[in-house]
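In: how would this look folded up:
(2 chains)
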Amino acid sequence: MPLVIHNTLTRRKEEFQPLSPGRVSLYVCGPTVYDLPHLGNARPPVVFDVLVRLLQRDHEVTYVRNITDVDDKINAAARERGIPIRVLTEETERYYLDDMAALNVRPPHLAPRVTDHIADIIRLINRLVSTGHAYEVDGHVLFEVSTFAAYGALSGRSIDEMIAGARVEVAPYKRAPQDFVLWKPSDDDTPGWDSPWGRGRPGWHIECSAMIDHHLGSTIDIHGGGADLQFPHHENEVAQSSCANHGHPLARYWMHNGMLKVNGEKMSKSLGNFFTVRDVLAKAPAEAVRLLLLSAHYRMELDFSDDGLAQAKQALDRWYRALDQAGAPAAGAPDPSVVAALEDDLNTPEALARLHALAGEVYTAPDDASRQAAAARLRASAALLGLLEGDPAHWLRGGEDAGLAAEVEAAIAARMAARKARNFAEADRIRTDLAARGILLEDGAGGTTWRKA
RNA sequence: GGCCGGGUGGCAGAGUGGUCAUGCAGGGGACUGCAAAUCCCCGUACAGCGGUUCGAUUCCGCUCUCGGCCUCCA
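Out: Below you'll find the predicted structure:
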């Protein structure tokens, strides 16, 4: 089955064909590092991590996710905290990478920083100025939107509509209200770099165009990001890059993930209704958080709730228990049904339903051999989603607390003896005591096993 | 106001022009000394109103409603 992707450019599903067979270039907009990432910020990395895992089965993937470390919000945050900008951005980048690692997001192949690409940005702007797509006014360089006929194609809006919207910033130096900044002057207290237009810093959108151009070339296969970036960010990227590259399209497939919501509203810094990834990791296992983020289709909105988190944990309990019962998992191949679900525009809910079916096969297997085969398929299938890669015993019984394990085993033995003697009051007392400490016993055909609640 | 995307059983959440999602919760049963786990069975769900059709939750139109973007945003 071929991979099918919903392309924002055409608003329909299309069969994915990379520009060069067997090779895929992917760019996803990364974080602006001024504050701890919230759960909504984690959705694109998790979603596109699954895409990369899927693509890597038969493609050589080059995945770039930038770090934006030049931005006015960064400047403001650093000023507020009274720390150097560099300290803030490095600290925040560290937090971001740690949080993503906790969510089992594999690092991208390249994670370029804007500060390392100022020269590329200046060169790109120069190309736009010299070809008449950008103009300089008082140290500002602006992109002249009217020079790009296809402007609005990605986000599906016309310039007329946007002007009618009248919320576009109308700065006196702009030739037209929809023109946007490529370069702006910096005062002495603001980070800046020397340029043909004086000391200044890049505008918001140009960085991505410059880094894509530098690392991946003029046309990439897939560009991803949050739906809220579709306009103006991605629209402006398209305009800049196309105009700087003789009309070559920036990306052939655009993918946008839906917003994470809290109580029906978009989770966002400005609304203040956000949970940082750290907040959430404090109350649920990281893998449950990852599962929750994959429990709705990536293009749909996803309402975050503690109940959803609890359900995700329950599902993992069931799956890990299946793996645990099957013994040491052998290497396996993913189940075709899971692959097919993911190849259908990353239908993770369907894939998760298949995982439940595979777990059922483990539980109903007639013999050890078929049970292990089913478990191997479950594990390999889940790995495409970045799930069930941990040790089942660790998930169910916790870390290497040998003392606890020995103690529980001793209690289980004592209970077994009481049961043999038909002293059920004593047996139940032992079980109840353990339950009070969060240890649950499960009597199976092969003896009694235990797990943490 | 303009543009875009949703409204599916108690909840979460896929999908389809004509017997099935799936998970959680709930009910019944099996197993068990009892639990837990697991297995089996169980729900006239597709916002409303029209239309197309032999047949629509699925296609079309309208209405209501929720959210996103249009300003920083993943």
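In: tell me how many other residues crowd the residue of chain A found nearest RNA strand B.
Out: RNA strand B sits closest to residue A:226 of chain A, with a gap of 1.6 Å, by Cβ to the nearest atom of the strand. C-betas here are computed from N, CA, C, even on glycine. Look at residue A:226: counted by other Cβ atoms under 10 Å, it has 20 neighbours.
In: surely it is in contact with residue A:259?
Out: Yes - with contact defined as Cβ atoms under 8 Å, residue A:226 counts as touching residue A:259 (6.9 Å).
In: which residues are in contact with each of these two?
Out: residue A:40 (Cβ atoms under 8 Å, 6 or more residues apart in numbering).
In: check contacts around the residue of chain A closest to RNA strand B.
Out: Contacts of residue A:226 by Cβ under 8 Å, 6+ apart are A:29, A:40, A:43-44, A:256-257, A:259.
In: host element of the nearest residue to residue A:322 once chain neighbours are set aside?
Out: Sequence neighbours aside, residue A:362 is the residue nearest to residue A:322 in space, at 4.0 Å (criterion: Cβ to Cβ, 6 or more residues apart in numbering). Residue A:362 is part of helix A:348-364, with elements assigned from DSSP states H and E.
In: over to residue A:221?
Out: With DSSP H and E as the test, residue A:221 turns up in strand A:220-226.
In: ok, residue A:208 next?
Out: Applying DSSP H and E, one finds residue A:208 within helix A:206-216.
In: between strand A:220-226 and that helix, find me the angle.
Out: Going by axes from the mean of the first three to the mean of the last three Cα atoms, to 10 degrees, helix A:206-216 is angled at 140 degrees with respect to strand A:220-226.
In: how about helix A:206-216, does it reach RNA strand B?
Out: No - Helix A:206-216 stays clear of RNA strand B (Cβ under 7 Å from any atom of the strand), getting no nearer than 9.9 Å.
In: which parts of the helix holding residue A:362 are buried?
Out: When burial is assessed from 16 or more other Cβ atoms under 10 Å, helix A:348-364 yields the following buried residues: A:348, A:350-352, A:354-355, A:358-359, A:361-362.
In: list the contacts of that helix.
Out: Applying Cβ under 8 Å, 6+ apart, the contact partners of helix A:348-364 are A:50, A:291, A:294-298, A:315, A:318-319, A:322-323, A:325-326, A:335, A:337-338, A:341-342, A:344, A:371, A:374-375, A:377-378, A:381-382, A:384-385, A:387.
In: filter these by proximity to RNA strand B?
Out: Among those, RNA strand B is touched by A:295-297, A:315, A:318, A:344 when using Cβ under 7 Å from any atom of the strand.
In: got TSV for the residues you listed, with secondary structure too?
Out: Below are those laid out as TSV (DSSP: H, G, I helix; E, B strand; the rest coil):
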residue	secondary structure
A:295	coil
A:296	coil
A:297	coil
A:315	helix
A:318	helix
A:344	strand
